[in-house]
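got a structure for you, letters missing:
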């Protein structure tokens, strides 16, 4: 449901600010929040000038959470543009308490597509797909060439593993599969690349693609100074392939990406460096999933999208196991039928039948009669209910199996198992530890997303 008073207030503030910049009246029309985006709020609108001319603009609002200051995003975008990176032209930026109340960034709207499943599968992009990996590598090389003295306010990230712990862990241990990944990363560090401007979230979904190629690099909220391999590894992480067998962003091979990067950068990262940062990306996204879920669970930002993302950490645990050669893809058997028990106490419809009815309503009515962000969240809710349905069917037996397995290792819970993996306390029973992690990750994936088990690393 649209918060009309809030939208009207934002439109009035935008109109006032743009009128001041133009020194003539500017009318804001069609202000609407865009779907997707689990951190910043992103809005589209039309600015109509006094002479009747129109300009399509995008507002990035600090009313969301996470990321660097929006003014810093603007600084990085401007510097990247001077290096030949395609970015939207920045119109204005401001801090909290200013013209728009929250910090903000206003930029030109760039035409193209960002939805990965369309970019990777739809016929209109068939011609551009084969050459896209080379363009993505070349653009990254130009981004990493930005002189660091032109980036006021863009901070260095520091040690990558220390940053993971500081940003996403604190004193809480990670899930066991991610603990395995963190330990491998700590024991297998590679030579760092030259300190560079790093986008931090360079992947399909944050790249605007037209029929001729890349038109803009978007969403700079994680920008920092660090190792350029971070962007290359992030692009190659399995989560950002969206089901494609091609590892480099779903559009090419690692070799093609590195070749294109080297042609512009003048140096070629090693396969070992890319492997390290690819696993780092997998672990990082798994930890980020839990942080996003906490924003919902704490009440700070209630969101069905953030709640759903919280259950995706087990996908990254499985991907860690694949990357380390500790698991193999598999085609899971069909999910068991719902148990019959429980109807005598609660009557019909059972919990599973209630879930199914709600899914049908969301699919058949809500999605069919809405659009934009509401339709997007309706689909997320459908996926969440499918997850609940599978947990009703499989969760009881899986919980019992896992508790018994933990007890055999003298671990009270997953947190204790993760601490043992990190410290090496159970290294003399390593095969047993791996079997417990494999089994628990598989059980959670059967509930969260069974199809992920079949995707190769």
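Yes, it's here. These numbers come from a predicted model, not from an experiment. Numbers count the residues shown, from 1 in each chain.

what's the span of stretch 107-114, first residue to last?
One end of stretch 107-114 to the other measures 17 Å (C-alpha to C-alpha, to the nearest Å).

repeat for stretch 184-192
First-to-last residue span, stretch 184-192, C-alpha to C-alpha: 16 Å.

which residue ranges of the stretch 51-200 of the chain form helices?
70-82, 116-121, 129-143, 160-164, 176-187 (DSSP state H, counting those that start in this stretch).

out of those helices, which gets nearest to residue 243?
helix 116-121 (7.6 Å; C-beta to C-beta). Using the backbone N, CA and C atoms, a C-beta is placed for each residue, glycine as well.

can you give me the buried ones in that closest one?
Using 16 or more other C-beta atoms under 10 Å as the test for burial, helix 116-121 gives 116, 119-120.

show me which of those residues is closest to residue 290.
For those, the residue nearest residue 290 by C-beta to C-beta is residue 116; the value is 22.7 Å.

and the closest one, how far from residue 127?
17 Å (C-beta to C-beta, to the nearest Å).

and the residue nearest to residue 94 when sequence neighbours are not counted, how many residues sit next to it?
Nearest residue to residue 94 in three dimensions, chain neighbours excluded: residue 104, at 5.3 Å (C-beta to C-beta, 6 or more residues apart in numbering). By other C-beta atoms under 10 Å, 28 other residues sit near residue 104.

hmm, back to that, got JSON lines for the helices of the stretch 51-200 of the chain, with distance to residue 295 and mean pLDDT too?
Putting those into JSON lines (distance: least, C-beta to C-beta, whole Å; pLDDT from 0 to 100) gives the following:
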{"stretch": "helix 70-82", "distance to residue 295": "19", "mean pLDDT": "94"}
{"stretch": "helix 116-121", "distance to residue 295": "23", "mean pLDDT": "96"}
{"stretch": "helix 129-143", "distance to residue 295": "29", "mean pLDDT": "97"}
{"stretch": "helix 160-164", "distance to residue 295": "18", "mean pLDDT": "95"}
{"stretch": "helix 176-187", "distance to residue 295": "19", "mean pLDDT": "98"}
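
can you show me the strands along this protein?
27-33, 41-48, 54-61, 90-94, 104-108, 196-198, 207-210, 213-217, 224-226 (DSSP state E).

turn the ones you listed into CSV, including mean pLDDT and distance to residue 433.
Below are the strands of the chain laid out as CSV (pLDDT from 0 to 100; distance: least, C-beta to C-beta, whole Å):
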stretch, mean pLDDT, distance to residue 433
strand 27-33, 94, 45
strand 41-48, 94, 43
strand 54-61, 94, 44
strand 90-94, 91, 49
strand 104-108, 94, 46
strand 196-198, 98, 34
strand 207-210, 96, 39
strand 213-217, 97, 41
strand 224-226, 98, 32
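
about what we covered before: wait, isn't the residue nearest to residue 94 in contact with residue 58?
No: Residue 104 is beyond contact range of residue 58, at 10.6 Å (criterion: C-beta atoms under 8 Å).

ok, residue 206 touching residue 116?
No: counting by C-beta under 8 Å, residue 206 stays clear of residue 116, with 10.0 Å between them.

could I get the average pLDDT for stretch 444-457?
Averaged over stretch 444-457, pLDDT sits at 93.

who touches it?
For stretch 444-457, the surrounding residues in contact (C-beta atoms under 8 Å, 6 or more residues apart in numbering) are 238, 243, 245, 311-312, 314-315, 317-319, 322-323, 329-332, 335, 387, 390-391, 394-395, 398, 442.

so among these, which ones count as buried?
Buried positions within the contacts of stretch 444-457, assessed by neighbour count (16+ other C-beta under 10 Å), are 238, 311-312, 314-315, 317-319, 322-323, 387, 390-391, 394, 398, 442.

from the residues you listed, which is closest to residue 214?
residue 238 (21.7 Å).

how about the nearest residue to the closest one, chain neighbours excluded?
residue 319 (4.9 Å).

how near is the one you found to residue 441?
Taking C-beta to C-beta, one finds residue 319 at 10 Å from residue 441.

now residue 449
Per C-beta to C-beta, residue 449 is found 12 Å from residue 441.

now residue 193
31 Å.

higher neighbour count, those two?
residue 441 (27 against 21).

the more buried one and residue 315 touch, don't they?
No: using C-beta under 8 Å as the test, residue 441 is too far from residue 315 to be in contact (9.1 Å).

pull the distance from stretch 352-363 to the chain's centre.
27 Å (C-alpha atoms, centre = their mean, to the nearest Å).

okay, buried residues for it please.
Buried-residue list, stretch 352-363, by 16+ other C-beta under 10 Å: 352, 354-356, 359, 362.

would you report the backbone torsion angles of residue 330?
Main-chain dihedrals, residue 330, degrees, to the nearest 10: phi -150, psi 160.

how far away is the closest residue to it other than its chain neighbours from residue 446?
Spatially, and ignoring its direct neighbours in sequence, residue 330 is nearest to residue 453 (5.3 Å; C-beta to C-beta, 6+ apart). According to C-beta to C-beta, residue 453 stands 8 Å off from residue 446.

neighbour count: the two, which is higher?
Taking other C-beta under 10 Å, residue 453 and residue 446 do not tie; residue 446 has more neighbours (22 against 18).

do you know how far that one is from residue 313?
Separation of residue 446 from residue 313 (C-beta to C-beta): 15 Å.

ok, back up a step: any chance of the buried residues of stretch 352-363 in CSV with pLDDT and distance to residue 424 as columns?
Below are these laid out as CSV (pLDDT from 0 to 100; distance: C-beta to C-beta, whole Å):
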residue, pLDDT, distance to residue 424
352, 86, 43
354, 89, 47
355, 90, 43
356, 88, 46
359, 89, 45
362, 93, 47
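
which pair in the residues you listed has the greatest spatial separation?
352 and 362 (15.9 Å).

I am finished for the moment; much appreciated.
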